[in-house]
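K.L.:
One predicted model, sequence on top.
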Amino acid sequence: MMSLNEVLHARRLLARHLPPTPSWSYPLLDEAAGRVVVVKHENAQPTGAFKVRGALNLLAGLDPRRPVVTYSTGNHARAVAYAARTFGIAAHIVMPAAAAEFKVRAVRALGATAVLHGGHMADAEARAEALAGELGGHLVSPGDEPAVIAGVGTAYLELFERHPDLDTVVVPVGSGTGAAAACLVAAAVAPGCRVIGVQSTAARAAHDSWRAGSCVRRDNRTRVDGLATGRGFALPQSLLRDRLAEFVLVDDDAIDTARGVLAGAAHTQAEGAGAAALAAVLARPDLMGSRVAVMLTGGNATPAELAHRSPAAARSAAGAEPAGLSR
Ligand SMILES: *Cc1c(COP(=O)(O)O)cnc(C)c1O
């Protein structure tokens, strides 16, 4: 079983690489949510998402002469590429062929090799396993890595130290490393704070695995990248099992609405997964306390997400009246 010690060790290591991210509230957001909402700004990370914490912590412990191999649609890929560049390790990242082009470019810009393969994450996973064998590389799982969970836990240490009076923290879930880390850290330093997970109704493998008490596979039809997973991951599920207070499902449209609220009330660009925690606060006020934190896990919005969120900008791009002229 993992302990807080591993998170404290990760914090000492990460202090050399990343400053703490801000966490604060916005009056208009509090008004929209009907309670104090602390936003933890992981969109402010150099890769635009919290996953860089876990990747740095994991890769710091590897032999730099061996390449790392992993699979991801986006933010895990970028995090591993960033950490590999930091430590001078060669990185090979298998991404589904339909991965967003800007995410592939971001991985290559960090010096990693992006391998486009297959239609689904399961295909990419199989290709990554084979590639790790061919290259004698270290295969990094996006979910079942204690060092990733320990690194991600540093975000919750920062949050609870700065806001010791939180009664609820809401965490978007894909593989479950973030929510597992939240449970681990809350149990040790903020035992009065409940952790609530969120997934999309269109990709509910982690939710259903938690309810079932064992890892299950489910269809994965969400358009929200960070929440897209087809299966439960054993290590995060084992940490969530007795410690997660609740697991909420929201649909992709509610997540889009929450992105718009963050743009309008908190001048913040969130990607869908980054807005999912707020979507849960808005959808299930009955489950929330009076001092809630939402993990804004990432800001790497796709071009489609950006276009949807800002109709004024889309009109202006299409040649209509420029946004901001009519005052
Ligand atoms: C990966 C990711 C998640 C989900 O995190 P897990 O640790 O896989 O559960 C949520 N939001 C964003 C932006 C992500 O990149």
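P.N.:
Received, thanks.

K.L.:
Checking Ala81 next. Helix, strand or coil?
P.N.:
helix (DSSP: H, G, I helix; E, B strand; the rest coil).

K.L.:
hang on, it packs against Val107?
P.N.:
Yes. Ala81 is in contact with Val107 according to Cβ atoms under 8 Å; the separation is 4.8 Å. C-betas here are computed from N, CA, C, even on glycine.

K.L.:
ok, those two, which is more surrounded?
P.N.:
Ala81 (29 against 24; other Cβ atoms under 10 Å).

K.L.:
give the contact list for the more buried one.
P.N.:
91, 93, 106-107, 110-112 (Cβ atoms under 8 Å, 6 or more residues apart in numbering).

K.L.:
Now do the shared contacts for Ala81 and Val107.
P.N.:
Ile93.

K.L.:
neighbours around Gly88, how many?
P.N.:
10.

K.L.:
Name the nearest residue to it, ignoring sequence neighbours.
P.N.:
Nearest residue to Gly88 in three dimensions, chain neighbours excluded: Pro64, at 5.4 Å (Cβ to Cβ, 6 or more residues apart in numbering).

K.L.:
my read is the one you found is in a strand, agree?
P.N.:
No. Pro64 is assigned coil when assessed by three-state DSSP, not a strand.

K.L.:
any idea how far it is from His117?
P.N.:
Applying Cβ to Cβ, to the nearest Å, the value for Pro64 to His117 is 25 Å.

K.L.:
For the two, indicate the residue with more neighbours.
P.N.:
His117 (19 against 13).

K.L.:
So the closest residue to the more buried one other than its chain neighbours versus the ligand, what's the distance?
P.N.:
Closest residue to His117 apart from its sequence neighbours, by Cβ to Cβ, 6+ apart: Arg127 at 4.4 Å. Distance, Arg127 to the ligand, using Cβ to the nearest ligand atom, to the nearest Å: 20 Å.

K.L.:
number of nearby residues for Arg127?
P.N.:
Neighbours of Arg127 using other Cβ under 10 Å come to 20.

K.L.:
Now for it: which residues touch it?
P.N.:
71, 94, 115, 117-118.

K.L.:
what's near enough to touch the closest residue to the ligand within the stretch 1-150 of the chain?
P.N.:
With Cβ to the nearest ligand atom as the measure, Asn75 is the residue of the stretch 1-150 of the chain nearest to the ligand, at 3.2 Å. Neighbouring residues of Asn75 by Cβ under 8 Å, 6+ apart: 47-49, 51, 225-226, 298, 300.

K.L.:
rerun at 10 Å
P.N.:
Residues near Asn75 by Cβ atoms under 10 Å, 6 or more residues apart in numbering: 42, 45, 47-52, 55, 103, 106, 142, 174, 225-226, 271, 273-274, 297-300.

K.L.:
so where is the stretch 51-200 of the chain shaky, pLDDT-wise?
P.N.:
Scanning the stretch 51-200 of the chain for pLDDT under 70 picks out nothing.

K.L.:
For the chain, which segments are assigned as strands?
P.N.:
Counting by DSSP state E, the chain has these strands, from start to end: 23-24, 36-41, 68-71, 91-95, 113-116, 138-139, 168-172, 194-200, 246-250, 291-296.

K.L.:
Dump those to TSV, plus mean neighbour count and distance to the ligand.
P.N.:
Listed next are those as TSV, based on neighbours: other Cβ atoms under 10 Å; distance: least, Cβ to the nearest ligand atom, whole Å:
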stretch	mean neighbour count	distance to the ligand
strand 23-24	17	16
strand 36-41	22	12
strand 68-71	28	13
strand 91-95	27	14
strand 113-116	18	17
strand 138-139	17	17
strand 168-172	28	4
strand 194-200	27	8
strand 246-250	20	12
strand 291-296	27	8
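
K.L.:
possible to save those as CSV with distance to Leu13?
P.N.:
Below are the strands of the chain laid out as CSV (distance: least, Cβ to Cβ, whole Å):
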stretch, distance to Leu13
strand 23-24, 21
strand 36-41, 20
strand 68-71, 17
strand 91-95, 19
strand 113-116, 26
strand 138-139, 18
strand 168-172, 22
strand 194-200, 24
strand 246-250, 31
strand 291-296, 21
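
K.L.:
Among the contacts of Ala81, which one sits closest to Val37?
P.N.:
Distance to Val37 across the contacts of Ala81 (Cβ to Cβ) is lowest for Ala106, with 29.1 Å.

K.L.:
That closest one contacts Ala100, correct?
P.N.:
Yes. Counting by Cβ atoms under 10 Å, Ala100 is a contact partner of Ala106 at 9.3 Å.

K.L.:
need the contact list for the nearest residue to Gly299 once chain neighbours are set aside.
P.N.:
Distance criterion Cβ to Cβ, 6+ apart; nearest residue to Gly299, sequence neighbours excluded, is Asn43 at 3.0 Å. The contact partners of Asn43, by Cβ under 10 Å, 6+ apart, come to 21, 49-50, 262, 268-271, 274, 296-301.

K.L.:
sorry, back to before: what touches both of Ala106 and Ala100?
P.N.:
The contact lists of Ala106 and Ala100 share 74, 300, where a contact means Cβ under 10 Å, 6+ apart.

K.L.:
which of those two has more neighbours?
P.N.:
Ala106 (21 against 18).
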